[in-house]
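Undergrad: here are the coordinates; sequence isn't available:
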């Protein structure tokens, strides 16, 4: 029944007025929202989802892919790389970005980094059921500049897409392994990183600070990241800190939602998707 409903919704345009509201009402009316379930989305991909309440899973349910624009933006870059592209997906969650990217870009190796042990089990399962273990590699670790081997990570059960190093959405912590971005790259003998997608609920600054060796050179990878002023504040940062750090590394910033229009200074938008690059003219 769930897959039949999903198939119906996925036939309609993503931005069709009322589509998501009707979808949520229907799932609630039929008591289908709360339990783990498997749903097929775009490109024949199967997703094992913790529930259908969270935006990540609900969007897959009604649209077939989560954040299609983000997947398209990354694909547009990696498809032009002549060698096997290497992508770091930091904050990979259940594989909602990595899986459709891997399905479209066969010549890409994706390192999926997810801190929550509970969410990580869904990530591993999704890689397995889609037989992508050859080029989608899951790692259960938190990346930050904290100087401790383990950190507390807060991932709410229902809102599994909102895991954070701060107790914003839940006070229940999972103790997880922690390391720097530079150490992760060294430990896995990654010779060249071509692209980084990162979504860590306002803690992007801490990850960038931990990756000076990777991000300082002139051939450093392009980075697609989300900026959200309140999330950065809750992470103990000033709004715009993630942008400032990248500019200090020599990156130029572009507005991903406005055809990659250059950002001259620091974006003051409450929310924005930004592409950072050293290689664009």
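TA: Okay, I see it. Just so it is clear, the model here is predicted, and its values are computed rather than measured. Numbering: from 1, shown residues only.
Undergrad: So what's the gap between the strand or helix carrying residue 87 and the chain middle?
TA: Residue 87 is part of strand 85-90, with elements assigned from DSSP states H and E. In terms of CA atoms, centre = their mean, to the nearest Å, the centre of strand 85-90 is set 10 Å apart from its chain centre.
Undergrad: How about the backbone phi and psi for residue 47?
TA: When read as degrees, to the nearest 10, the backbone of residue 47 gives phi -120, psi 130.
Undergrad: ok, and what's touching the strand holding residue 87?
TA: Applying CB atoms under 8 Å, 6 or more residues apart in numbering, the contact partners of strand 85-90 are 74, 78, 97-98, 101, 105, 107-113, 143, 181, 190, 192-200, 207, 221. C-beta here means a position set from N, CA and C on the backbone, and glycine is covered the same way.
Undergrad: Strand partners (parallel or antiparallel) of that strand?
TA: Next to strand 85-90 in the sheet, as set by DSSP bridges, lie strand 108-114 (parallel), strand 195-198 (parallel).
Undergrad: ok, back up a step: and the contacts of strand 85-90, which are buried?
TA: With burial judged by 16 or more other CB atoms under 10 Å, the buried subset of those is 74, 78, 97-98, 101, 105, 108-113, 143, 181, 193-200, 207, 221.
Undergrad: What ranges does the stretch 1-150 of the chain have for its strands?
TA: Applying DSSP state E, counting those that start in this stretch to the stretch 1-150 of the chain gives strands spanning 37-40, 46-49, 85-90, 108-114, 136-140, 142-143, 150-154.
Undergrad: could these be laid out in CSV, adding mean pLDDT and distance to residue 20?
TA: Output for these, formatted as CSV (pLDDT from 0 to 100; distance: least, CB to CB, whole Å):
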stretch, mean pLDDT, distance to residue 20
strand 37-40, 96, 15
strand 46-49, 98, 16
strand 85-90, 98, 25
strand 108-114, 98, 25
strand 136-140, 98, 28
strand 142-143, 98, 31
strand 150-154, 97, 27
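Undergrad: nearest to residue 27, of those strands?
TA: Ranking these by proximity to residue 27 (CB to CB) places strand 37-40 first, at 10.4 Å.
Undergrad: Report the buried residues of that closest one.
TA: Buried, per 16+ other CB under 10 Å, within strand 37-40: 37, 39.
Undergrad: contacts for it?
TA: With CB under 8 Å, 6+ apart as the criterion, strand 37-40 contacts 2-3, 6, 46-49, 51-52, 57, 60-61, 129.
Undergrad: From those, list the buried ones, please.
TA: 6, 47, 48, 49, 51, 52, 57, 60, 61.
Undergrad: Those residues into TSV, with extra columns for distance to residue 83?
TA: Formatted as TSV, the buried ones among the contacts of strand 37-40 follow (distance: CB to CB, whole Å):
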residue	distance to residue 83
6	37
47	29
48	32
49	34
51	39
52	39
57	34
60	31
61	36
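Undergrad: Any idea how far stretch 215-232 is from the middle of the chain?
TA: 13 Å.
Undergrad: and if you look at stretch 95-105?
TA: Put simply, stretch 95-105 sits 11 Å off its chain's centre (CA atoms, centre = their mean).
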